[in-house]
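Engineer: pasting the structure only:
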């Protein structure tokens, strides 16, 4: 398959609400394979379709530990059915916000309904890093970034930094 370029903050595409997937076909399966290649290459544990330029409601993830066999999972049109009252804090990063990490508080357990690549409905009861990763990626599908869960001061600092980096990338090199 192939890796795809990542969409990086402050690209406005990251703030779009992704559209539902209407058809699961071989083209979508190939796209999912490309998403896995991109995620593993980055390296990351989760990737939403919008992060590679396709604002559709699909995400891939693999939260297997380094010494565990790969466990790739695809979630099409995911929907959070339930969230626990108790919260968990995990340090999060994002392939669309490279080299920035922060602690984020989210519900410790969630229940998610989605379709797999065969169009079969599945319900996943998630806790720990799986729950965090699913919430992070589903946020992407809704135009929400993990920095939106931080204080306004921290969020504004990160956005300013990435706007500056984007301007520097577009400036012609003199010399």
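Structural biologist: Done, it's in. Fair warning: this is a prediction, and the values are worked out from it, not measured in the lab.

Engineer: could you point out the longest helix in the chain?
Structural biologist: Secondary structure of the chain per DSSP state H: the longest helix is helix 152-170.

Engineer: could you list the buried residues of it?
Structural biologist: 155, 158, 162 (16 or more other Cβ atoms under 10 Å). (C-beta placed from N, C-alpha, C; glycine too.)

Engineer: just name the closest of those residues to residue 50, please.
Structural biologist: Among the buried residues of helix 152-170, residue 162 lies closest to residue 50 (Cβ to Cβ), at 16.3 Å.

Engineer: what sits against that closest one?
Structural biologist: Residue 162 makes contact with 8, 9, 10, 97 under the criterion Cβ atoms under 8 Å, 6 or more residues apart in numbering.

Engineer: what about the nearest residue to the last one once chain neighbours are set aside, how many neighbours?
Structural biologist: Think residue 97. What sits nearest to residue 97 in space, not counting adjacent residues and going by Cβ to Cβ, 6 or more residues apart in numbering, is residue 9, at 5.0 Å. Counted by other Cβ atoms under 10 Å, the residues lying close to residue 9 total 21.

Engineer: residue 9 reaches residue 140, doesn't it?
Structural biologist: No. Checked against Cβ atoms under 8 Å, the pair residue 9 and residue 140 is beyond contact range at 11.6 Å.

Engineer: and for those two, which residues touch both?
Structural biologist: residue 96.

Engineer: now the end-to-end length of stretch 41-55.
Structural biologist: Terminal residues of stretch 41-55 lie 21 Å apart, using Cα to Cα, to the nearest Å.

Engineer: before we move on, the earlier item: pipe the contacts of residue 162 into JSON lines and attach pLDDT per row.
Structural biologist: Formatted as JSON lines, those follow (pLDDT from 0 to 100):
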{"residue": "8", "pLDDT": "96"}
{"residue": "9", "pLDDT": "96"}
{"residue": "10", "pLDDT": "95"}
{"residue": "97", "pLDDT": "97"}
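
Engineer: now, the most widely separated pair of these?
Structural biologist: Maximum distance among the contacts of residue 162 (Cβ to Cβ): 9.8 Å, for 10 and 97.

Engineer: who's more crowded, the two?
Structural biologist: The neighbour comparison of residue 10 against residue 97 (other Cβ under 10 Å) goes to residue 97, with 21 against 18.

Engineer: wait, the more buried one sits on residue 158?
Structural biologist: Yes. Residue 97 lies in contact with residue 158 (Cβ under 8 Å); the separation is 6.8 Å.

Engineer: overlap in contacts of those two?
Structural biologist: Between them, residue 97 and residue 158 share the contacting residues 9, 147, judged by Cβ under 8 Å, 6+ apart.
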